[in-house]
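# Task: produce atomic coordinates for the following.
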Amino acid sequence: MSSESIHNLLFELTQKADRATRSYRFRFRGWLPKATDSRILDLGCGDGKILWYLGKKYSYVHGVDLDSQKLDIAKSMGVSVQCQDVFEFLSTTNKTFDLICALDLVEHLGKNRIPTFLELCFKKLNSGGRIILQMPNPLSPFGFSVQQGDLTHEFTLAPVLTRKLLEIAGFNQCHWRETGPSLWGYSLGSTFRFCLWRLIRLGYRFLHFIEAGEKENFPLTRVYLVSALKP
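Residues are numbered from 1 along each chain as shown. I've put the predicted structure just below:
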């Protein structure tokens, strides 16, 4: 392959990564480390789009995944990744991190392994470090379609159960966010959809209150994010 072809391929990959991660500028607001020398780990990193996005600001980003084909894509974008089981990596690495991301991973682990996974993440975070998880949301009207959309999905955690498991592992300051349309950073259309969604979700929250009498503002998108800190 010529140098021009390689350049064009890399440009195409980075353009796709930029479009795919643009919404995370809004979704990760306030959760990312301030220091540019913070150490960031992405577990189940796939093709490395999130690492590519974070690597534009932080000097050390690293990913772990078992899908060698997707890791080849990440490597072609200049992202640091390795092919290894996440449990093996967390159990053997001597490195610690300021941020650990695990997006669309926990639902593949099975309910018996999730507590161990969270405990290992806790051990590998520096004091004040943060974990960010993303997973299907059983509280969403469409959450079941996501859970059943992949044969490798084992178990889905409701937000309340996720918070309990994080607290048992030692984390505190647990907060969740929706992954619906972005208010800013993606497109004008996304901003418009965000405003419409905020109106629609009021109706869902009202129905939930009538049926269960609960006022807590749980996420209602089919996939949700959760963040917690190591004291």
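# Going by C-alpha atoms from here, please, whenever you check contacts or count neighbours.
Fine.
# where does the chain have low pLDDT?
1-17 (pLDDT under 70).
# try it again with 90
1-25, 76-78, 139-152, 183-188, 204-218 (pLDDT under 90).
# residue boundaries of the helices in it?
Here the chain has its helices, by DSSP state H, at 3-21, 24-27, 49-55, 68-76, 86-92, 114-124, 143-147, 159-169, 188-212.
# deepest of these, which one?
Highest mean neighbour count of the helices of the chain: helix 49-55, a mean of 22 (counted as mean count of other CA atoms under 10 Å).
# Extract the C-alpha trace of that helix and format it as CSV.
The C-alpha coordinates for helix 49-55 follow below in CSV (Å, rounded to 0.1, in the frame of the first residue of the first chain):
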residue,chain,number,x,y,z
LYS,A,49,-12.4,5.4,19.1
ILE,A,50,-12.7,6.6,22.7
LEU,A,51,-8.9,6.2,23.3
TRP,A,52,-8.3,8.2,20.1
TYR,A,53,-10.6,10.9,21.4
LEU,A,54,-9.0,11.0,24.9
GLY,A,55,-5.5,10.8,23.4
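# Can you pull out the residues in contact with that helix?
17-18, 20-21, 42, 45, 61-63, 74, 77-79 (CA atoms under 8 Å, 6 or more residues apart in numbering).
# got a markdown table for these, with distance to Pro181 too?
Below are the contacts of helix 49-55 laid out as a markdown table (distance: CA to CA, whole Å):
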| residue | distance to Pro181 |
| --- | --- |
| Ala17 | 18 |
| Asp18 | 16 |
| Ala20 | 13 |
| Thr21 | 13 |
| Asp42 | 23 |
| Cys45 | 22 |
| Val61 | 26 |
| His62 | 28 |
| Gly63 | 26 |
| Ala74 | 26 |
| Met77 | 27 |
| Gly78 | 29 |
| Val79 | 27 |
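# just checking, Leu103 touches Gly48?
No - the pair Leu103 / Gly48 is not scored as a contact, 11.3 Å apart, by CA atoms under 8 Å.
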